[in-house]
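Asker: model the structure of this input:
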Amino acid sequence: MTMPPPHRRMTFGRFDYAAFMSFMAYAAGSVAVPVVLVSLARDLGFSLERGGLTAGGALHLGRSVLMVATMLLCGFAAGRWGKRRTLGWSVVLMGVGLALCAVAPSYGCLFLALLLAGAGEGVIEGLATPFVQDLHPAEPGRYINFTHGFWSVGVVVTVLIAGGLLSLGVSWRLILGAIAVCTLLPVLFLLLPSRPGHEYREPPEAIHWITVLGHAVTIMKIPRFWLFFAAMFVAGGGEFCLTFWCASYIQLTLTPAAWAGGVGTACFAGGMVLGRTGWGYLIRQSHLRALIVWSALGGTAVTLLFPVVTHLWLFCGLLFLAGVATAPFWPSVQSYCADCLPGTDTTMLFILLSCAGIPGCGFFTWLMGYIGNHSGGLSRAFYLVPACFLVLAALIGYDWHRYIRKSRTRWPKK
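Answerer: You can find the predicted model right below:
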């Protein structure tokens, strides 16, 4: 029996740290609005307690639409200007959008500012994963999982600080403004000149847009790709329903304290930090499909309990377990798909997969708010989460079963 090769020691450089900080800034901008949503909604006139859940969910749905639009274009931008510069300027765009959110006088202005932030976030979502893949082509699954863990670090830090500041009476506008300022750090790491010999490796010449389009068409002609596309759609929906709505659910159902909503979101994100960084160190590339299936089944069992739990700390404990289960979905589905579709352009592959995950986030976030409005609260709407996880397990499990069946057909037993 051949033993698997030992893990190499993980090594990081300047652009790894740039990716870490970009994910943290992206997470802070994405989760800040859900955390301050109750206070923000009362201030701007669409109170969640009086039928404003659909309007709250529409904020992320609208941002998701523009994120998808910019994701579809970011491959062309990266081909023309390179991943590093495109990623750096997208963080600038996100920061400007968040700054405008902080001064928005009405729901409509807030919605438009979030669209601008979403334009930058779409590019970050589309390019950050292939950016890391190019840094570590030997073991991409480990580094992608580890780097995505900093999304969850950003969530934990943001919700705890924002929840605490809200409890102290600090305005949600100051919180959003501070997050906008924090985006400057990853911008500097990405855009400042590099030392000779330590540059980010880009193609020597700009890639023509027809070549980039050809990569996309080639991928979309592969039937197996669409299974992973559907898997990313439900994975994104299940994850972001919890990220977006758990703080509001806690404040509206369990306790009105703003800090409690922040702690609940932090528990979920803390579980994701543990799951992503832990699996980044431990998982082997060949075990990604098993990790996805068993995590999805475990997440289904945990999240089925959410609507019936009424104790705050028990609910927070379940959120932590749900975070551990949810952690590997997004990065592992992308990396596993790249393994299953060798020869495809990984940058365009990750972009197209994110074009499924982000609409999943937006659609299910809106649908959860809509169901909450028409069922008397968010409790019943939380059943959307285990439904998403169960579908994810079924899709990857089907692909796994088909892979085993094909292997047995190719190598029959003697």
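Asker: assess the claim that L93 and G120 are in contact.
Answerer: Yes - with contact defined as C-beta atoms under 8 Å, L93 counts as touching G120 (3.3 Å). To be clear about C-beta, it is placed using only N, CA and C from the backbone, and glycine gets the same treatment.
Asker: looking at those two, which one has more neighbours?
Answerer: G120 (27 against 20; other C-beta atoms under 10 Å).
Asker: and the one helix or strand the more buried one maps to, what does it pack against?
Answerer: When elements are assigned from DSSP states H and E, G120 belongs to helix 107-135. Packed against helix 107-135, as judged by 3 or more C-beta pairs under 8 Å, 6 or more residues apart in numbering; DSSP states H and E, are the following elements: helix 14-44, helix 53-81, helix 83-102, helix 140-167, helix 329-340, helix 346-374.
Asker: report the distance from it to the chain centre.
Answerer: Distance of helix 107-135 from its chain centroid, counting by C-alpha atoms, centre = their mean, to the nearest Å, is 11 Å.
Asker: run the angle between it and helix 346-374 for me.
Answerer: 150 degrees (axes from the mean of the first three to the mean of the last three C-alpha atoms, to 10 degrees).
Asker: pLDDT (mean, whole number) over helix 107-135?
Answerer: The pLDDT scores in helix 107-135 average 87.
Asker: buried residues in that helix?
Answerer: The neighbour-count check on helix 107-135 (16 or more other C-beta atoms under 10 Å) flags 107, 110-111, 113-135 as buried.
Asker: and if you look at stretch 69-79?
Answerer: Buried residues in stretch 69-79, counted by 16+ other C-beta under 10 Å: 70-79.
Asker: with only the CA atoms kept, save that stretch in PDB.
Answerer: The C-alpha trace of stretch 69-79 is given here as PDB (Å, rounded to 0.1, in the frame of the first residue of the first chain):
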ATOM      1  CA  ALA A  69     -22.000  41.500 -13.100                       C
ATOM      2  CA  THR A  70     -18.500  42.600 -12.100                       C
ATOM      3  CA  MET A  71     -17.400  39.000 -11.500                       C
ATOM      4  CA  LEU A  72     -18.400  38.200 -15.100                       C
ATOM      5  CA  LEU A  73     -16.200  41.100 -16.300                       C
ATOM      6  CA  CYS A  74     -13.200  40.700 -13.800                       C
ATOM      7  CA  GLY A  75     -11.600  38.000 -15.900                       C
ATOM      8  CA  PHE A  76     -11.300  40.400 -18.800                       C
ATOM      9  CA  ALA A  77      -9.900  43.100 -16.500                       C
ATOM     10  CA  ALA A  78      -7.400  40.600 -15.000                       C
ATOM     11  CA  GLY A  79      -6.300  39.600 -18.500                       C
END
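Asker: and that stretch, average pLDDT?
Answerer: For stretch 69-79, the mean per-residue pLDDT is 83.
Asker: TSV for the helices and strands packed on helix 107-135, including distance to F268?
Answerer: TSV is the format used below for the helices and strands packed on helix 107-135 (distance: least, C-beta to C-beta, whole Å):
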stretch	distance to F268
helix 14-44	10
helix 53-81	16
helix 83-102	22
helix 140-167	8
helix 329-340	13
helix 346-374	14
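Asker: which one of those lies closest to F233?
Answerer: Set against F233 and scored by C-beta to C-beta, these come closest in helix 346-374, at 3.9 Å.
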